[in-house]
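> here's my sequence, what's the structure:
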Amino acid sequence: MPAEYGTIISTLEGPTTRRFSFVVNPTANVRRGQFVQLETADGKLIGRIADIMKTNRYFMRPESVKEYESSGKPMDEIFPVNDWEYLVANVIALGVFGKSGFVDSSFPPSPGSRVLEPELEILSGFFGLDRNGLQIGSLAQHDVSVSLNLTRLLQKHVAILAISGAGKSFLTSVIIEELLSRKPEEGIAVIVVDTHGEYTSFADDAKYSAKTRIFPSNEIQIGLSNVSSHTLAEFSPDVSAAQRRELAKVMMALKRKNKHFGMTELIEAVEESDGIKAATKDVLISTLEELRNTGLFGALDYPPLDDLARQGCLSVLDISDMIDTKRKQMAVAYMARKLFNARRSGVIPPFLLIVEEAHQFVPEQAKREIALSRGIITTIAREGRKFNASLCLISQRPIQLSTTALSQCNTHIILKITNPYDLDHIGKSSEGLTRDVIRQISSLPVGSGIIVGEAVNSPLFVRFRRRSSRPSQKGMSIEQAAKEYHDRVRQKTKDAKSFM
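Residues are numbered from 1 along each chain as shown. Next up, the predicted model:
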């Protein structure tokens, strides 16, 4: 038998089809965020406890309390105050489970109705959970496993939003574990743009090392033989249309003569070209020299497409050592475009592109010339679902993230956020977030969050499960970093003395 939580009461505000309140039984264990169930004329109604109020009739009149307390005797010695203390829970009605499944509540529950502990099977069905989905945790107040349907979560993209240290990378690692653990024929390719080196530890874990490839920033290369003059011009927006035409001619001539060529060969070809005016030639050479200095351009792509997108496997583009923002954006823009074009042609498996610090790569207000990766990522956000090319945008500053890209992420997983501007931005961009839910975002404990959008039928508070992969060693504490530095300096001093 389900536990009985309490009895619905009549108030000035309800019960209505949207809200109701109930007096909590003295023996019931209820908390804010819990779900409740009750019988109605339309079926079994599911609601969420939005808040709980404690009241006592003996303490309702301040002047009386002051008078009795000033007499020197506490009120609990004069009156049976403990017998009159009780809790009132305010509930938001979420939906009714009837003959046709879950529908909105269309008729208010009756005062006096019994409020019960929800049946776990009905609760799981209400949120649209999938026992064969990605198991990322459990309901915050109930013993229900939260397994999200893969297609509902990823096909229309997902955003993970939280302040630094709230657990974004931890949660992302849990999702990656789930994807790597699927059957070979059900697996998708997972590609991570790793700005802090937090996912390289998958390669050191025996359970995942065979499925993981790490591509360090100094090995990432854009093969000029595969690049059009239009792409090069996008990387240098100051190049004029006339200069772009001349560059296209030179590159076409090189491709006819040489299947593979690098930036040095391209610069030499521009210098040796007789058909380019001197002024145009100088600008092109200067532009190409600047691109060569990034160290990103070579004769061949690296990683090659077959290594970058492997079904059921993880590829980590470790750009944590890249300091220059433009260089990072060029690398991400090229790899993202390469993946999207290949997926449209069907030559690689469905993929998930995870972009850490997404506000750096898809900024809202930055000019086009300093937002080189925004165009292709926005294109994937708009069109990727048609080709099963999925995005996961991770950001600690949602307000700086492109509104277009964020609005295309139909599932938001929100961890702790305290900045009021970010909270307001999330409230406007995430459908289904009520005021009481938004208020709880700023106080979420580490390791928990809210899922809202396409992946679930109603906003869902989740305690994320423990990760099974080896944690990253790059997120060490200040104390640990200080100790390692101290030990390293002491060892150097010791070695120097031994040498002397």
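
> now do the SS call for N82.
Of the three states, N82 takes helix according to DSSP: H, G, I helix; E, B strand; the rest coil.

> what about it, distance to Y58?
10 Å (Cβ to Cβ, to the nearest Å). The way it works is simple: take the backbone N, C-alpha and C, and place the C-beta from them, glycine included.

> same thing with L406?
Taking Cβ to Cβ, one finds L406 at 51 Å from Y58.

> so for the two, which sits in the more crowded spot?
L406 (25 against 18; other Cβ atoms under 10 Å).

> wait, what's in contact with that one?
For L406, the contact set (Cβ atoms under 8 Å, 6 or more residues apart in numbering) comprises A159, L393, P398, S429.

> pretty sure the third one contacts D424?
I take that to be P398. No - P398 is beyond contact range of D424, at 9.7 Å (criterion: Cβ atoms under 8 Å).

> any stretches of this protein with poor pLDDT?
Within the chain, the ranges that satisfy pLDDT under 70 run 68, 72, 75-78, 369, 432, 473-477, 499-500.

> measure the residue nearest the centre of it to E357 for me?
The residue lying closest to the centre of the chain (Cα atoms, centre = their mean) is I160, at 1.6 Å. Using Cβ to Cβ, I160 is found at 11 Å from E357.

> next structured bit after the helix or strand where L153 lies?
Take DSSP states H and E as the rule and L153 turns out to sit in helix 150-154. Next helix or strand after helix 150-154 toward the C-terminus (DSSP H and E): strand 158-161.

> tally of neighbours for the closest residue to N56 other than its chain neighbours?
With sequence-adjacent residues excluded and distances taken as Cβ to Cβ, 6 or more residues apart in numbering, N56 is closest to E85, at 4.4 Å. As a burial measure, E85 scores 13 neighbours (other Cβ under 10 Å).

> doesn't M53 make contact with E85?
No - contact criterion Cβ under 8 Å: E85 and M53 do not qualify, at 11.5 Å.

> now the closest residue to P15 other than its chain neighbours. Its backbone dihedrals?
Sequence neighbours aside, P108 is the residue nearest to P15 in space, at 4.4 Å (criterion: Cβ to Cβ, 6+ apart). Reported as degrees, to the nearest 10, the phi and psi values for P108 are phi -70, psi 150.

> do E479 as well
Main-chain dihedrals, E479, degrees, to the nearest 10: phi -60, psi -40.

> and for it, the neighbour number?
So E479, with other Cβ under 10 Å, has 8 neighbours.

> G223 now?
Counted with other Cβ under 10 Å, G223 comes out at 18.

> in contact with it: list those residues for me.
H260, G298, A299, L300, D301, Y302.

> so what's the residue of the chain most remote from its centre up against?
Centroid-distance maximum for the chain: S71 at 58.4 Å, with Cα atoms, centre = their mean. Not one residue lies near S71 by Cβ under 8 Å, 6+ apart.

> repeat for S390
L154, Q155, H157, V158, I188, P350, F351, L352, L353, G384 are the contacts of S390 under Cβ under 8 Å, 6+ apart.

> and the nearest residue to the first one once chain neighbours are set aside, helix, strand or coil?
Same thing as L154. Leaving out its chain neighbours, the residue that sits closest to L154 by Cβ to Cβ, 6+ apart is S390, at 4.2 Å. Classification of S390 using three-state DSSP returns strand.

> who does S390 bridge with?
On the basis of DSSP bridges, S390 is bridged to L352.

> what of G6?
Per DSSP bridges, the residues bridged to G6 are V24, V115.

> which SS state does V96 fall under?
What three-state DSSP gives for V96 is strand.

> contacts only, for it.
Neighbouring residues of V96 by Cβ under 8 Å, 6+ apart: T40, D42, G43, K44, L45, I46, F102, V103, D104, S105, S106.

> of all those, which comes closest to E272?
E272 lies nearest to F102 out of the contacts of V96, by Cβ to Cβ, at 71.0 Å.

> now the closest one: phi and psi?
Per-residue torsions, F102: phi -90, psi 130 (degrees, to the nearest 10).

> now swap in the one 3 residues further on and tell me
S105 adopts backbone torsions of phi -70, psi 130, taken as degrees, to the nearest 10.

> look up how far R18 lies from it.
Here S105 is placed at a distance of 7 Å from R18 (Cβ to Cβ).

> of these two, which one has the most company?
S105 (21 against 15).

> correct me, but that one touches G95?
Yes - taking contacts as Cβ under 8 Å, S105 lies within contact range of G95: 6.4 Å.

> what do those two both touch?
Residues touching both S105 and G95 (Cβ under 8 Å, 6+ apart) are L45.

> re earlier: any common contacting residues for S105 and R18?
Joint contacts of S105 and R18 (Cβ under 8 Å, 6+ apart) are A93.

> make sure L393 is indeed in a strand.
Yes - L393: assigned to a strand according to three-state DSSP.

> could you double-check that it lies in contact with A358?
Yes - at 3.9 Å, L393 counts as touching A358 under the criterion of Cβ under 8 Å.

> joint contacts of these two?
A159, I377, L401, A405.

> wait, doesn't the third one sit right on Q360?
No - counting by Cβ under 8 Å, L401 sits too far from Q360 to count as a contact (9.5 Å).

> okay, those two: which has more neighbours?
Comparing L401 with Q360 by other Cβ under 10 Å, the one with more neighbours is L401, at 27 against 21.

> which helix or which strand is home to the spatially closest residue to the more buried one that is not a sequence neighbour?
Once flanking residues are discounted, L401 sits nearest to H359: 4.6 Å by Cβ to Cβ, 6+ apart. Here H359, judged by DSSP H and E, is contained in helix 358-361.

> now name the helix or strand holding H260.
Using DSSP H and E, no helix or strand contains H260.

> measure it to L288 for me?
H260 sits at a distance of 17 Å from L288 (criterion: Cβ to Cβ).

> now V36
67 Å.
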